[in-house]
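**Student:** next come a sequence and a model predicted from it.
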Amino acid sequence: MVSKYVSPVVVFVLFLSLAPSSTRSAEITFDASELTVVTLTARHTFRVELAQTADQRRQGLMFRKAMDADAGMLFDYGRSHPVTMWMKNTLITLDMLFIGADGTIEHIVENASPGSLKTISSNGPVLGVLELNGGTATRLDIRPGDRIEHAIFSTGR
């Protein structure tokens with residue numbers, strides 16, 4: 001005879017197996033660091049999480065519902081090459097700053113649409129990508145040619 005009651009353990013196991021990947025991928029952690037964006041008129045410091053491994057870069061800022069105004073994520077690709085990004089499973093609007101090996105901002109994509117599967121290109125080789133809240137580049141007058149100060153862009157790496 002089948003019981004009409006389901007054990008709490010069975011419910012929990014079923015919940016875990018059906019949970020969205022945001023729940024299952026919560027074990028991915030990121031080191032934190034600070035970086036400075038140097039514009040023609042100011043210096044802006046951000047607390048960033050570092051996406052350095054393939055798993056961290058795949059996860060990125062997916063499933064985040066908010067991010068502090070002075071926060072971001074720095075994707076470190078280890079070597080310069082063309083990069084493409086997308087906004088799959090990303091819930092917040094982002095600005096993407098594509099950064100050359102010397103720390104120069106080469107290209108900026110502002111206000112990337114949450115959830116979009118559209119490919120976003122670096123338009124050339126870059127070493128890193130800095131993701132900030134959408135609208136930050138305009139608000140702080142960050143432009144291509146400005147510089148990022150962070151250890152991954154130092155010479156002799």
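**Tutor:** That came through fine.
**Student:** which residues of the chain score low on pLDDT?
**Tutor:** Along the chain, segments meeting pLDDT under 70 span 1-26, 155-157.
**Student:** tell me where it has strands.
**Tutor:** Under the criterion DSSP state E, the chain contains strands at 31-38, 43-51, 71-85, 94-99, 105-112, 120-133, 147-149.
**Student:** chain neighbours aside, what residue packs nearest to M85?
**Tutor:** Spatial nearest neighbour of M85, excluding adjacent residues (C-beta to C-beta, 6 or more residues apart in numbering): I120 at 4.6 Å. From N, CA and C alone the C-beta is placed, and that goes for glycine too.
**Student:** for K65, same thing?
**Tutor:** L91 (5.6 Å).
**Student:** how close does the one you found sit to F75?
**Tutor:** 18 Å (C-beta to C-beta, to the nearest Å).
**Student:** tell me which of the two has more neighbours.
**Tutor:** F75 (25 against 15; other C-beta atoms under 10 Å).
**Student:** run through the bridge partners of that one.
**Tutor:** A51, V129 (DSSP bridges).
**Student:** what residues are up against it?
**Tutor:** Contacts for F75 were tallied using C-beta atoms under 8 Å, 6 or more residues apart in numbering; they are A51, R57, G60, V83, G128, V129, L130, E131.
**Student:** closest one of those residues to F98?
**Tutor:** Distance to F98, by C-beta to C-beta, is smallest for V129 among the contacts of F75, at 5.6 Å.
**Student:** hang on, the closest one packs against V83?
**Tutor:** Yes - V129 lies in contact with V83 (C-beta atoms under 8 Å); the separation is 6.1 Å.
**Student:** now do the shared contacts for the two.
**Tutor:** What both V129 and V83 touch, as defined by C-beta under 8 Å, 6+ apart, is the set F75, Y77, F98, S122.
**Student:** since that was my last question, I'll sign off now.
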